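**Student:** The sequence and its predicted three-dimensional model are supplied below.
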Amino acid sequence: QQQVKQSPQSLIVQKGGISIINCAYENTAFDYFPWYQQFPGKGPALLIAIRPDVSEKKEGRFTISFNKSAKQFSLHIMDSQPGDSATYFCAASIEGQNFVFGPGTRLSVLP
Amino acid sequence: DAGITQSPRHKVTETGTPVTLRCHQTENHRYMYWYRQDPGHGLRLIHYSYGVKDTDKGEVSDGYSVSRSKTEDFLLTLESATSSQTSVYFCAISESKGTTNEKLFFGSGTQLSVL
C-alpha cells in the first residue's frame, strides 16, 4: 500500500529527445507527488511537484503528468540535454506523514 | 546543499564496530531525517526527528539509533555495524512535515563500507 513503483530502472536518450519516467502507486490517500533529481556524488534535490487536483504541471522543460484514476504519474523531460543526466526519484506523501520514494531511474542523455 | 554538512563523507569500518554519522544544519529547520540509499531500493527512511530529543523510527530502523541534543545536530549510530549496512547515508531537513509544499533538503551523503 505504501509502495511507489518506478520505471524504467535506466534510460538512455539522445540529446534533444524526450525522456519519460513513470511511477505508480496504490494508496489513494497520497496527496503530494514530488520528483527529486540527483547528480553523482550529490544529494537529491526537489525538481518539480504536483498535487492530485491538477492533471499536469510544467516548469521549463520538465512536465509532470498525473492520472488520478490510473494512480500513475510521470515525468517528461523535453529537449533532453546531457546536463540532465542524473538519477530521478518519484515520491509520494500523505498529509502529516513521511515521503515514500520510488527506486529511482538513471537517465543518460547522449551528446 | 542548503546548509547541511554530513561527516564523515567516507568511512570504512569492520563488522561489529560502532559507527556514528553526524549531520549538522545551519537552516534552523525543525525536522531532520536519516535515509539510506541502495540500488533498486531508492531512499528509505531510517529515523527522523521533529525536535530536540524528539525522534521516531522509519521503515528500516533496525540496527540504528539516533540522537538530537541540539536543533542543528542529528546523529545516526550503528551500534554494531554489519555488512548489510554498507550503503550511502543521506541526512535531510525540512521546515514542515506532510504539507503539500514540503521540501526536503539533502546533504551530500556519507559512503559507508562495512567489511
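**Tutor:** The structure has been received and is ready for your questions. Please read these numbers as outputs of a predicted model, since none were measured by experiment. Numbers count the residues shown, from 1 in each chain, chains lettered A, B, ... in the order given.
**Student:** What's opposite residue A:56 in the beta bridge?
**Tutor:** Judged by DSSP bridges, the bridge partners of residue A:56 are residue A:65.
**Student:** Check it and give its pLDDT.
**Tutor:** Looking at residue A:56, its pLDDT stands at 95.
**Student:** Once you drop chain neighbours, what's closest to the residue in chain B that chain A sits nearest to?
**Tutor:** When scored by Cβ to the nearest Cβ, chain B has residue B:106 as its residue closest to chain A, at 3.0 Å. Quick note: C-beta positions are derived from backbone N, CA and C, even for glycine. Excluding the flanking residues, the one nearest residue B:106 by Cβ to Cβ, 6 or more residues apart in numbering or on different chains is residue A:43, at 3.0 Å.
**Student:** isn't there a helix covering the one you found?
**Tutor:** No: according to DSSP: H, G, I helix; E, B strand; the rest coil, residue A:43 belongs to no helix; its state is coil.
**Student:** these two touch, right, it and residue B:92?
**Tutor:** Yes: between residue A:43 and residue B:92 there is a contact at 7.5 Å, judged by Cβ atoms under 8 Å.
**Student:** Quick check: neighbours shared by those two?
**Tutor:** Listed contacts common to residue A:43 and residue B:92 are B:4, B:106-107; contacts here mean Cβ atoms under 8 Å, 6 or more residues apart in numbering or on different chains.
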